[in-house]
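Student: quick check, what structure comes out for this input:
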Amino acid sequence: MTSATSVIGRNGKHVVGSSRVGRVKQWVVNRKLASESAWGDSDSNGFTNRAKGREDATFTSEGVYDTAVETFDLFKPGDITLSALWMNNVNLYWAFPRALNSDFQLTVNIDSQEVIGWTSSWGADGEFFHPGEAGAPSYTLP
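Tutor: You can find the predicted model right below:
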């Protein structure tokens, strides 16, 4: 097996509403179960039975601050908006028709003089779709 079909992170993007977020360095998606039902009964022989509950997804995005594309002009904590996390420039993206921005942080390191960084955290508000999932909305990269 070779790397011919691998996708690298070079073309990753974060879109909020109809705007591409500038200077994004990385994003991370955490798809998980928000709940499960666990029980034991007379037929479980002392073992636990489990059933799937609600699905959930959260994600973080981080980048560097740029006065030409100020990130806090695009979103702020409490905003609920469309959000898409692109893996390439064509058709691989996580679609969040509604996502809640739960926080936004700026990091200023006076000692190291690193470029100012930002981090934002999000949570799906309702249905979300992984890349290529049936029923996913069709988005075009702005």
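Student: any idea which residue is closest to the centre of the protein?
Tutor: Geometric centre of the chain, nearest residue: residue 59, 3.3 Å, by Cα atoms, centre = their mean.
Student: against residue 115, how distant is that one?
Tutor: Here residue 59 is placed at a distance of 22 Å from residue 115 (Cβ to Cβ, to the nearest Å). Heads up, the C-betas are built off the backbone N, CA and C, glycines and all.
Student: repeat for residue 140
Tutor: Going from residue 140 to residue 115 by Cβ to Cβ gives 30 Å.
Student: can you pick out the residue with more neighbours from the two?
Tutor: Neighbour count, other Cβ atoms under 10 Å: between residue 140 and residue 115, residue 115 has more, with 14 against 9.
Student: quick one: secondary structure of that one?
Tutor: coil (DSSP: H, G, I helix; E, B strand; the rest coil).
Student: that one against residue 65, yeah?
Tutor: Yes. Applying Cβ atoms under 8 Å as the test, residue 115 and residue 65 come out as touching, 7.0 Å apart.
Student: for residue 119, which residues are in contact?
Tutor: 60, 61, 62, 103, 104, 105, 107 (Cβ atoms under 8 Å, 6 or more residues apart in numbering).
Student: roughly how far is the strand of greatest length in the chain from the heart of the chain?
Tutor: For the chain, the longest strand by residue count, based on DSSP state E, is strand 93-107. Distance, stretch centre to chain centre, for strand 93-107: 6 Å (Cα atoms, centre = their mean, to the nearest Å).
Student: same question, stretch 60-76
Tutor: With Cα atoms, centre = their mean, you get 15 Å for stretch 60-76.
Student: measure that stretch end to end?
Tutor: This stretch, stretch 60-76, spans 13 Å end to end (Cα to Cα, to the nearest Å).
Student: for stretch 116-134, same thing?
Tutor: First residue to last in stretch 116-134 (Cα to Cα) measures 39 Å.
Student: where do the strands of the chain begin and end?
Tutor: 13-16, 19-20, 24-33, 36-39, 49-52, 55-64, 80-86, 93-107, 117-124.
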